[in-house]
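Novice: Fold the following, please.
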Amino acid sequence: MNGRTLGILLILLGFIILIFLAVKGLVHVGLFLFIPFAVSSTPVAIIPFLLIFSGVALYFISTPVINRDNWHDENYPENNEKKSHVGGFIMIGPVPIIFGNDKKLIYISIVVAVAIMVIYILLAFNLL
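Specialist: Residues are numbered from 1 along each chain as shown. Below is the predicted model of the structure:
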């Protein structure tokens, strides 16, 4: 079993234990905006959080390491004339962060981000 699979299993086990503790009434869970939280007065409630944290850490630590000597091979020609166009956005709450190197994709990202912001505001103020 590799590290990535073990990391995913630790995360799932942590969530299963957290759900079990919530069903038993030892942990109260909820959402604040989009951030999940759990409240408990028992020390056993830290076990799922340790499992989830260690699973995430193990998952990201066990990413494959690239061999720098074989980076340029026949699959990656050095004189590649093909140019990629990227564009996107990240929503942090209702605030978008828009990035890209193509104007058309940036404009599309702006339109989608504004639409999501409008829907968020309508839902937040119960206008829908």
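Novice: From the rest of the structure, what touches stretch 112-128?
Specialist: By C-beta atoms under 8 Å, 6 or more residues apart in numbering, the residues outside stretch 112-128 that reach it are 89, 91, 94, 96, 98. From N, CA and C alone the C-beta is placed, and that goes for glycine too.
Novice: now swap in stretch 34-46 and tell me
Specialist: By C-beta under 8 Å, 6+ apart, stretch 34-46 touches 18, 21, 22, 26, 27, 28, 29, 30, 31, 49, 93.
Novice: Please narrow these to those residing in helices.
Specialist: The members of the contacts of stretch 34-46 that map onto helices under DSSP state H are 18, 21, 22, 49.
Novice: that older thread, the contacts of stretch 112-128 into JSON lines, with extra columns for distance to residue 44, neighbour count and pLDDT?
Specialist: JSON lines is the format used below for these (distance: C-beta to C-beta, whole Å; neighbours: other C-beta atoms under 10 Å; pLDDT from 0 to 100):
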{"residue": "89", "distance to residue 44": "41", "neighbour count": "17", "pLDDT": "90"}
{"residue": "91", "distance to residue 44": "35", "neighbour count": "14", "pLDDT": "87"}
{"residue": "94", "distance to residue 44": "37", "neighbour count": "14", "pLDDT": "73"}
{"residue": "96", "distance to residue 44": "40", "neighbour count": "18", "pLDDT": "87"}
{"residue": "98", "distance to residue 44": "44", "neighbour count": "15", "pLDDT": "92"}
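Novice: And the furthest pair within these?
Specialist: 94 and 98 (13.7 Å; C-beta to C-beta).
Novice: Please spell out which residues along stretch 111-128 are buried.
Specialist: By 16 or more other C-beta atoms under 10 Å, the buried positions in stretch 111-128 come out as residue 113.
Novice: repeat for stretch 88-105
Specialist: Applying 16+ other C-beta under 10 Å to stretch 88-105 flags 89, 96, 100, 105 as buried.
Novice: Of the contacts of stretch 34-46, just say which sits nearest to residue 56.
Specialist: Using C-beta to C-beta, residue 49 comes nearest to residue 56 of the contacts of stretch 34-46, at 10.7 Å.
Novice: Tell me the confidence at that closest one?
Specialist: Residue 49 carries a pLDDT value of 89.
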